[in-house]
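*Asks:* next come a sequence and a model predicted from it.
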Amino acid sequence: MNVSQFDDDGVIHILMNVANDVSFDDMIRASAGESLAEIWLRKSRIDFNQLGSLVGIALNEALTLIKSRRIEWYKTFLELFSLKVSK
């Protein structure tokens, strides 16, 4: 699922819903989290509130990508949401 090229607010809203909806398969949720991270990285603008609201595999996928490309964002996330990530 590569929808990161579509980055308007409606797409981001749908990706957020899919990422956090446990009725979807983990692979779909992971792809949604990864797509969100790709959008933030491409735009060079991250929404830490949205990132912090991700759960489970969607959060893990988003953080893995962010950590590999923008370590400063990852460090900021750890400061803001230290209880969400086991170091």
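*Replies:* Received, thanks. Residues are numbered from 1 along each chain as shown.

*Asks:* and residue 82, how close does it get to residue 19?
*Replies:* Remark: distance between residue 82 and residue 19 (Cβ to Cβ, to the nearest Å) = 21 Å. For glycine as for every other residue, the C-beta is placed from the backbone atoms N, C-alpha and C.

*Asks:* which one of the two has more residues nearby?
*Replies:* Comparing residue 82 with residue 19 by other Cβ atoms under 10 Å, the one with more neighbours is residue 19, at 27 against 10.

*Asks:* just say helix, strand or coil for the more buried one.
*Replies:* Following DSSP: H, G, I helix; E, B strand; the rest coil, residue 19 is assigned to helix.

*Asks:* same deal with the one 4 residues further on?
*Replies:* Three states are possible here, and by three-state DSSP the one that applies to residue 23 is coil.

*Asks:* point out where the chain drops to low pLDDT.
*Replies:* Across the chain, the ranges flagged by pLDDT under 70 are 1-7, 85-87.

*Asks:* what are the ranges of the helices in it?
*Replies:* 9-20, 26-43, 48-53, 56-69, 71-80 (DSSP state H).

*Asks:* for the shortest one, buried residues please.
*Replies:* Under the neighbour-count criterion of 16 or more other Cβ atoms under 10 Å, helix 48-53 has 50, 51 buried.

*Asks:* that helix: how far from the chain's middle?
*Replies:* Remark: helix 48-53 is offset 8 Å from the chain centroid, using Cα atoms, centre = their mean, to the nearest Å.

*Asks:* counting by contacts, list what it packs against.
*Replies:* Counting contacts by 3 or more Cβ pairs under 8 Å, 6 or more residues apart in numbering; DSSP states H and E, helix 48-53 is packed against helix 9-20, helix 26-43, helix 56-69, helix 71-80.
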